[in-house]
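[1] Sequence first, predicted model second:
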Amino acid sequence: MSWRPTYRSSKFRNVYGKVGNREHCFDGFPITKNVHDNHFCAVNSKFLAVVTESAGGGSFIVVPVSQSGRLDSHCPKVCGHQGNVLDIKWNPFFENIIASCSEDTSVRVWEIPEGGLRRNMTEAALELYGHSRRVGVIEWHPTSSGILFSAGYDYKILIWNLEIGEPVKMIDCHTDVILSMSFNTDGSLLATSCKDKKLRVIEPRSGAVLQEASCKNHRVNRVVFLGNMKRLITTGVSRWNTRQIALWDQEDLSMPIVEEDIDGLSGLLFPFYDADTHMLYLAGKGDGNIRYFEITAEKPYFQYLTEFRSPAPQKGLGVMPKHGLDVAACEVFRFYKLVTLKGLIEPISMIVPRRSDTYQEDIYPMTAGTEPALTASEWLSGINRDPVLISLKEGYQQPNQLVFKAPVKEKKSMVVNGIDLLENVPPRTENELLRVFFRQQDELRRLKEELTTRDVRIRQLELELNNLKNASPNNV
């Protein structure tokens, strides 16, 4: 019996990638040359943020997404970090709020003014310290307005309540560096991939590990929840060093449902999943192409569609949220591709070809909007809710009028021997340590000079006192 390929009809089989015109690209960006495996780019319907190359600390540039073209060489930056910036993420509910993490062990939350930056921003709305080593990954909670997760090189995940500006939970179940984090739809489960070759599904509020897989044949690099399908997608490397993807049941990680080899290249595979269209996009770091698949609940699970090809290698990719897409052009996904060699950022639109100019309801179901379903305190109390859904039919108008308010912390003091221990925070980086060392050397030199001056003065006063004592009997 001869083998015949199985064909199935799909509304997305003809999806194609369209690169934006030159006037829609962003040129002249000093994109960072850091080799950390992150995207270094974040985008929403208002702003585009890109981590840049800088000396003496870390910085990133924020520009309005509508102001494409060549970047001004004196463009203001967000430059408050004292080490290289490793990850940036926009708040999904407050589009002027962005979080960043850095090698200086801090996580910072910034409030970008309307219209973009007019001068360098050095003061963050919140500075969060809790990790003992650099912080490599941050993620916002998908339904709660004030919950932020950070994963550091100290093998710990901290949960931050931004309503009070403090960590409320530490997840300490990993034995090596955490590579990626992903939430399910309502944020009740957290999946992590780790350098210890294990895939974990965690209940984040308790920190309990619900499922764990030791990936010996499939070394996991990145993990993504597949919406409400109760499945996970991971990208990694096989024992023969070929790049592959694997599908897992979130309730049983003993064995992957299916594994599929992609190619023999060495770059990290970044997965992007669109829960509305059930499409999976795979983009390799250093590659020029983006493959896309349709995910199904039954075999063959991965339905290969086609790929977008480009000669320029990508360092990272930012993804536009659904409410920022061009519905009239049948755009279902949009990447912002970082091309380091050219200092260029290219928008790449994934378009479903349709002849009709009317709204296509079959490719635009109700999708998550910018209104939070929960407050931070509600989520921490154990409540779970699905995202608040919106329709893109009439052109999305943001109804969310919430305003982000950073907590005002009372200044506390702990004075020991005249030194405020909370005011004099210990140095966290080598450069900061050197600055503190030289500052202390100057202070010691000044104190020694002052001590010498006082010794001389004391001797002078003693001589004057002796002279007065010797002169007093003669006067009598």
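    Nice, I can see it. Residues are numbered from 1 along each chain as shown.

[2] What pairs with the helix or strand Q211 falls within, parallel or antiparallel?
    Using DSSP states H and E, Q211 maps to strand 208-214. In the sheet, strand 208-214 lines up against strand 198-203 (antiparallel) (DSSP bridges).

[3] Flag every buried residue along the strand it pairs with.
    198-202 (16 or more other Cβ atoms under 10 Å). In short, each C-beta sits where N, CA and C put it, glycine included.

[4] May I have the predicted confidence score for G57?
    We note a pLDDT of 76 for G57 in this prediction.

[5] State the distance from it to Y153.
    18 Å (Cβ to Cβ, to the nearest Å).

[6] so what's the nearest residue to K197 once chain neighbours are set aside up against?
    Using Cβ to Cβ, 6 or more residues apart in numbering and skipping the chain neighbours, the partner closest in space to K197 is C215 (5.3 Å). By Cβ atoms under 8 Å, 6 or more residues apart in numbering, C215 lies in contact with 197-199, 234, 236.

[7] Could you dump these into CSV and include distance to V177?
    Converted to CSV, the contacts of C215 look like this (distance: Cβ to Cβ, whole Å):
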residue, distance to V177
K197, 12
K198, 12
L199, 14
T234, 16
G236, 15
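
[8] In JSON lines, list those residues along with distance to G115 and pLDDT.
    Shown next, in JSON lines, are the contacts of C215 (distance: Cβ to Cβ, whole Å; pLDDT from 0 to 100):
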{"residue": "K197", "distance to G115": "47", "pLDDT": "89"}
{"residue": "K198", "distance to G115": "45", "pLDDT": "91"}
{"residue": "L199", "distance to G115": "43", "pLDDT": "93"}
{"residue": "T234", "distance to G115": "40", "pLDDT": "94"}
{"residue": "G236", "distance to G115": "42", "pLDDT": "91"}
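
[9] Out of these, flag the one nearest to T375.
    Among those, L199 lies closest to T375 (Cβ to Cβ), at 30.8 Å.

[10] Touching, that closest one and R219? I think so.
    No: applying Cβ atoms under 8 Å as the test, L199 and R219 come out as separate, 10.2 Å apart.

[11] Run a quick neighbour tally on E259.
    17 (other Cβ atoms under 10 Å).

[12] Check H278 too.
    18.

[13] For it, give me its contacts.
    Counting by Cβ under 8 Å, 6+ apart, the residues that H278 touches are 226-227, 294-296.

[14] where along the protein do the helices fall?
    376-380, 430-475 (DSSP state H).

[15] Looking at the ones you listed, which is nearest to R108?
    Nearest of those (Cβ to Cβ): helix 430-475, 15.4 Å.

[16] Which neighbouring elements make contact with that closest one?
    On a contact count with 3 or more Cβ pairs under 8 Å, 6 or more residues apart in numbering; DSSP states H and E, helix 430-475 meets no helix or strand.

[17] Could I get the average pLDDT for that helix?
    80.

[18] can you check stretch 97-110 too?
    Throughout stretch 97-110, pLDDT has a mean value of 94.

[19] Please apply the same query to stretch 297-315.
    In this model, stretch 297-315 carries a mean pLDDT of 89.

[20] what comes up buried for it?
    301-303, 305, 308, 310, 313-315.

[21] In a markdown table, list those along with distance to S45.
    Below are these laid out as a markdown table (distance: Cβ to Cβ, whole Å):
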| residue | distance to S45 |
| --- | --- |
| Y301 | 33 |
| F302 | 31 |
| Q303 | 30 |
| L305 | 26 |
| F308 | 23 |
| S310 | 25 |
| P313 | 27 |
| Q314 | 22 |
| K315 | 23 |
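
[22] ok, of the residues you listed, which one's closest to L325?
    Of the buried residues of stretch 297-315, the one sitting nearest to L325 (Cβ to Cβ) turns out to be F308, at 16.4 Å.

[23] quick one: contacts for the nearest residue to the closest one once chain neighbours are set aside?
    Nearest in space to F308, with sequence neighbours left out and distances taken as Cβ to Cβ, 6+ apart, is G17 at 3.2 Å. Residues near G17 by Cβ under 8 Å, 6+ apart: 290, 308, 348-351.

[24] what about G17, distance to A471?
    Taking Cβ to Cβ, one finds G17 at 101 Å from A471.

[25] Among the helices of the chain, pick out the one with the most neighbours on average.
    helix 376-380 (a mean of 19; mean count of other Cβ atoms under 10 Å).

[26] and it, how far out from the chain's middle?
    Once both centres are worked out by Cα atoms, centre = their mean, to the nearest Å, helix 376-380 turns out to sit 21 Å from its chain's centre.

[27] Please work out which residues outside it touch it.
    With Cβ under 8 Å, 6+ apart as the test, helix 376-380 has contacts from 141, 143-147, 161-163, 168, 187, 205.

[28] rerun that using 6 Å as the cut-off
    144, 146-147, 161, 163 (Cβ atoms under 6 Å, 6 or more residues apart in numbering).

[29] Check stretch 339-349 too.
    So stretch 339-349 is contacted by 17-20, 24-29, 31, 312, 315, 331, 334-338 (Cβ under 6 Å, 6+ apart).

[30] 8 Å instead?
    For stretch 339-349, using Cβ under 8 Å, 6+ apart, the contacting residues are 17-20, 24-31, 33, 41, 48, 50, 290, 308, 310, 312-315, 326, 329, 331, 333-338.

[31] Check stretch 310-318 too.
    The contact list for stretch 310-318 (Cβ under 8 Å, 6+ apart) reads 19, 31, 38-43, 48, 270, 272, 283-289, 335-342, 344, 346, 348.

[32] Quick one, which of these are buried?
    19, 31, 38-43, 48, 270, 272, 283-285, 287, 289, 335-340, 344, 346, 348.

[33] quick one, what contacts D357?
    D357 touches A328, counting by Cβ under 8 Å, 6+ apart.
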